[in-house]
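In: got a predicted structure here, sequence first:
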Amino acid sequence: SQNFSSANLANEVAEEKFCETTIGAADRRVGGILKVLIETPYFRVVVVDDADTVEICGALKNIVACGAGFVDGLGLGDNTKAAVIRLGLMEMVKFVDEFYPGSKLGTFFESCGIADLITTCYGGRNRRISEAFVRTGKTIQQLEKEMLNGQKLQGPFTAAEVNVMLKTKEMEKRFPLFTAVHKICIGEIKPNKFLDCIKSHPEHIPKGAPQYANNPIPWKPSISLLQGALKWMRKLRY
């Protein structure tokens with residue numbers, strides 16, 4: 001099988017602005033032929049044999065872009081958005097590893113992975129409509145009609161499909177960002193609760209640390225400890 005997925009906003013490709021694309025081809029000979037046919041001086045092509053991961057990245061990035069749009073709609077800033085993009089990437093890697101074993105980590109560093117994720121989280125329709133969803137209070141369906149001429153948004157649909165897979169394996173808690181995006185899109189939770197859903201993300205817990213049912217942090221810093229740390233930081237400044 002062959003799959004295309006990359007940071008390729010259509011209008012910029014049409015304007016012949018430089019970009020990269022990834023072709024996933026199980027048969028590298030076929031991939032090589034496609035590269036020769038498609039590549040131009042401004043449209044560079046990289047061929048990988050990890051075709052499934054290329055395709056799945058193209059779907060999962062839309063869920064993360066919805067989360068980035070929620071952040072923009074809530075006015076939470078670039079630091080929060082960067083955190084959401086990172087956590088989203090980690091969930092993408094974990095999801096592919098769990099459901100499609102044999103994938104290659106390096107594929108996530110091609111244009112189909114992190115590059116496409118960043119582009120979609122800043123310039124794609126999933127981000128734009130998710131921001132409007134928060135700011136206007138309108139439903140996703142209303143915004144599809146108004147902003148996409150009735151076309152369907154990929155992020156909410158993909159989030160619903162992924163949630164079925166996670167529920168089947170009782171893995172929703174391991175993917176809090178994917179789960180939160182789905183629940184917000186269907187109206188189960190409010191967008192302003194988005195950050196609450198990811199503040200205790202598994203990625204924030206030290207590997208091998210004990211986890212507790214009501215408190216994922218195994219210790220609480222004392223006032224004296226915090227004061228000591230503050231004094232130490234002040235010394236570093238001078």
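Out: Good, I have the coordinates.
In: report the contact partners of the closest residue to residue 151 other than its chain neighbours.
Out: With sequence-adjacent residues excluded and distances taken as C-beta to C-beta, 6 or more residues apart in numbering, residue 151 is closest to residue 144, at 6.5 Å. Heads up, the C-betas are built off the backbone N, CA and C, glycines and all. Applying C-beta atoms under 8 Å, 6 or more residues apart in numbering, we find residue 144 in contact with 129, 150, 151, 152, 153.
In: change it to 10 Å
Out: 125, 129, 138, 150, 151, 152, 153, 156 (C-beta atoms under 10 Å, 6 or more residues apart in numbering).
In: just checking, which of those residues belong to strands?
Out: Using DSSP state E, no member of those falls in strands.
In: in a markdown table, list the residues you listed along with neighbour count and pLDDT.
Out: Supplementary listing: those in a markdown table, determined by neighbours: other C-beta atoms under 10 Å; pLDDT from 0 to 100:
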| residue | neighbour count | pLDDT |
| --- | --- | --- |
| 125 | 20 | 92 |
| 129 | 23 | 97 |
| 138 | 16 | 94 |
| 150 | 9 | 76 |
| 151 | 10 | 83 |
| 152 | 11 | 87 |
| 153 | 24 | 92 |
| 156 | 24 | 96 |
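In: now do the helices in the chain.
Out: In the chain, the helices defined using DSSP state H lie at 10-14, 28-38, 51-74, 78-99, 116-123, 125-136, 140-147, 154-168, 176-185, 194-198, 223-237.
In: I'd like the average pLDDT over the fifth one.
Out: This points to helix 116-123. Here the mean pLDDT over helix 116-123 is 93, rounded to a whole number.
In: repeat for the first one
Out: Averaging the model's pLDDT scores along helix 10-14 yields 86.
In: can you list contacts of it?
Out: Residues outside helix 10-14 that contact it (C-beta under 10 Å, 6+ apart) are 6, 17, 18, 19, 21, 40, 42, 43, 119, 123.
In: can I get it as CSV, trimmed to CA atoms?
Out: What follows is the C-alpha trace of helix 10-14 in CSV, where atoms were taken according to Å, rounded to 0.1, in the frame of the first residue of the first chain:
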residue,chain,number,x,y,z
ALA,A,10,-3.1,23.0,-0.3
ASN,A,11,-3.0,26.8,-1.0
GLU,A,12,0.8,27.0,-0.3
VAL,A,13,1.5,23.9,-2.5
ALA,A,14,-0.5,25.6,-5.3
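In: ok, the spatially most central residue of the chain to residue 143 distance?
Out: In the chain, the C-alpha closest to the average C-alpha coordinate belongs to residue 64, at a distance of 3.0 Å (C-alpha atoms, centre = their mean). Going from residue 64 to residue 143 by C-beta to C-beta, to the nearest Å gives 19 Å.
In: measure the residue nearest to residue 151 to residue 164 for me?
Out: Taking C-beta to C-beta as the criterion, residue 144 is separated from residue 164 by 21 Å.
In: before we move on, the earlier item: which non-adjacent residue is nearest the residue nearest to the centre of the chain?
Out: Looking at residue 64 with C-beta to C-beta, 6+ apart, the closest residue is residue 88, at 3.1 Å.
In: where in this protein is pLDDT low?
Out: 1-4, 6, 208-238 (pLDDT under 70).
In: try it again with 90
Out: Low-confidence segments of the chain (pLDDT under 90): 1-14, 26-29, 31, 101-103, 123-124, 149-152, 200, 204-238.
In: from the chain's centroid, how far away is stretch 35-48?
Out: Stretch 35-48 has its average C-alpha position 25 Å from the chain's average C-alpha position, going by C-alpha atoms, centre = their mean, to the nearest Å.
In: next: stretch 83-90.
Out: Relative to the chain's own centre, stretch 83-90 is displaced by 6 Å; criterion: C-alpha atoms, centre = their mean.
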